[in-house]
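# Pasting the sequence and the predicted coordinates here, then a few questions.
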Amino acid sequence: MASLAIIMPAYNAEKTLPGVFARIPPHLKDRIDHYLVVDDGSRDNTWEVMQELAAGIERFVPLRHEVNRGYGGAEKTLLQAALDRGADHIIMLHADGQYSPEKLGEVIAALDAGADIVQGSRFFGGGALKGGMPLYKVIANQGLTFCE
């Protein structure tokens with residue numbers, strides 16, 4: 001079976017990070033080979049929360065940027081860390097819960113069935129609005145996506 005890594009950028013996520021991990025379906029936890037999380041220069045207690053999670057979650061790998069490198073910098077660190085650990089498949093989650101951990105089963109099933117890439121969207125089915133995103137941001141995002 002292909003190796004699977006969950007990567008997660010975290011910035012000032014001390015309050016949300018534990019909840020995201022709690023929402024990962026229990027039956028999938030053994031299927032995931034690495035949980036890679038980078039604290040991207042947070043000013044709160046994100047790093048301490050990550051240390052607590054690492055003590056209780058097998059295969060949790062805490063990474064840290066002393067200075068904020070931005071979302072792209074966090075992604076680069078995480079992708080390299082996943083590749084260094086031999087991950088065949090990499091799934092991005094966000095520490096603030098923007099991407100639903102409850103959907104991991106569908107993503108993993110598609111990858112296990114041979115998909116080269118699986119793309120999800122929090123906008124499908126009105127998920128962004130249900131998740132609390134303001135309507136103006138949803139409309140602006142859809143407009144920018146259309147322009148691409």
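Good, I have the coordinates.

# Can you classify Val118 by secondary structure?
coil (DSSP: H, G, I helix; E, B strand; the rest coil).

# which parts of the host helix or strand of Leu79 are buried?
Leu79 belongs to helix 70-84 when elements are defined using DSSP states H and E. Within helix 70-84, the residues scored as buried using 16 or more other Cβ atoms under 10 Å are 73-75, 77-79, 81-82. Where you see a C-beta, it was placed from the backbone N, CA and C, and this is true even at glycine.

# Quick check, central residue of the chain?
Compute the mean C-alpha point of the chain, and by Cα atoms, centre = their mean the closest residue is Leu93, 1.4 Å away.

# Tell me the pLDDT of it.
On pLDDT, Leu93 comes in at 95.

# That one reaches Ala10, doesn't it?
No. Using Cβ atoms under 8 Å, Leu93 is not in contact with Ala10, being 10.1 Å away.

# which residues of the chain score low on pLDDT?
Filtered on pLDDT under 70, the chain yields the residue ranges 122-132, 148.
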